[in-house]
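Colleague: The amino acid sequence is not available; the structure is as follows:
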């Protein structure tokens, strides 16, 4: 029996475990035990944008009204009928919130494989790739719990930073980042600050709630941090880029109304404020553009090659993870829990914003 956490696609507050009998393993298939996975506000974003971005398609539940929210984590092959993958091998990649999953590996090599299941062939390869822990340059056993928490978020942050820099920050003087205490946001703040004084010609401004203000300030990765209420009085001079990690439609409208033509670009990334999501039509200034990380990946692979992109990301990641784990003032504490009830409770805590910004959760069913 395999247990999977199903959620109502129209109301993600409704979730339950469902068990299904394991069928015989077909030729070319591999059954994986899911060892551990991270659950963050990033996964809430996957649910919030599930219809628009196709996230519900990766691990279908078999019902039109429910879906399985994808997570990032580690899995071990426990049954294999595929050449090139042995029982006991461990991989990192996109997984369902479940205790096991059957994948159909294709293009198996020393790096890993792509899932070639028919329903995933139309989906972007970034999410279909599974990496062998034995050859993955990012993998460090002593920091394993941080990888599923931060790696996918960091990759998004790296690509946003790269995209904005490639566009010369749209000639803006500031980058405004909402949900500044979120992991994707402070990774972006770190990358902007790492550009150094000579290259970093824009100021980073973290926008956050009063509750998380002290944490966002303590990070030290933003040039300035202010609360959402303070943002109503943004300085009247200078243009800005808005990077929307929250998805809060009312706050987005306020930023657009406040800055108007001084808003050089509006980038929609996340949905941490998932209940307040809304469209971006008829707003003053530029229309918000949804950032799709795989598109920037494709562009850079075309220009730098896959190995070139990986080298740049790895170098930036190593600097970032050193700061996150600084023993004198670490940015995160990882909480590990196990069991269906624990997974469900953590899901609701993340969904309702009850997780402290300096905590991260890694779970095992």
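Modeller: Happy to help now that I have it. Predicted model, so just to flag it, every value in this text is computed and none were measured. Numbers count the residues shown, from 1 in each chain.
Colleague: Contacts only, for residue 80.
Modeller: 30-31, 86-87 (C-beta atoms under 8 Å, 6 or more residues apart in numbering). Yep, even glycine has a C-beta here, placed from its N, CA and C like the rest.
Colleague: One more pass at 10 Å, please.
Modeller: By C-beta atoms under 10 Å, 6 or more residues apart in numbering, residue 80 lies in contact with 25, 28-32, 86-89, 105.
Colleague: got the residues you listed as CSV, with neighbour count and secondary structure columns?
Modeller: Shown next, in CSV, are the contacts of residue 80 (neighbours: other C-beta atoms under 10 Å; DSSP: H, G, I helix; E, B strand; the rest coil):
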residue, neighbour count, secondary structure
25, 14, coil
28, 14, coil
29, 17, coil
30, 27, strand
31, 19, strand
32, 24, strand
86, 9, coil
87, 11, coil
88, 9, coil
89, 17, coil
105, 22, strand
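Colleague: Looking at the residues you listed, point me to the pair that's furthest apart.
Modeller: The span of the contacts of residue 80, defined through C-beta to C-beta, is set by 28 and 88 at 18.7 Å.
Colleague: ok, which stretches of the stretch 1-150 of the chain are helices?
Modeller: Counting by DSSP state H, counting those that start in this stretch, the stretch 1-150 of the chain has helices at residues 41-48, 50-53, 125-128, 146-166.
Colleague: now the angle between helix 146-166 and the first one, please.
Modeller: For helix 41-48 against helix 146-166, the angle between stretch directions is 70 degrees (axes from the mean of the first three to the mean of the last three C-alpha atoms, to 10 degrees).
Colleague: for the record, mean pLDDT for helix 41-48?
Modeller: Throughout helix 41-48, pLDDT has a mean value of 86.
Colleague: now residue 203, which residues is it bridged with?
Modeller: Counting by DSSP bridges, residue 203 is bridged to residue 174.
Colleague: and what of residue 39?
Modeller: Going by DSSP bridges, residue 39 forms beta bridges with residue 361.
Colleague: tell me which residues of stretch 84-103 are tucked away?
Modeller: Residues 85, 89-103 are the ones in stretch 84-103 that count as buried (16 or more other C-beta atoms under 10 Å).
Colleague: Show me how far that stretch is from its chain's centre.
Modeller: From the chain centre to the centre of stretch 84-103 is a distance of 20 Å (C-alpha atoms, centre = their mean, to the nearest Å).
Colleague: measure it end to end?
Modeller: 14 Å (C-alpha to C-alpha, to the nearest Å).
Colleague: just the contacts of residue 80 now: which is nearest residue 309?
Modeller: For the contacts of residue 80, the closest approach to residue 309 (C-beta to C-beta) belongs to residue 105, at 22.9 Å.
Colleague: Cool, thanks, signing off.
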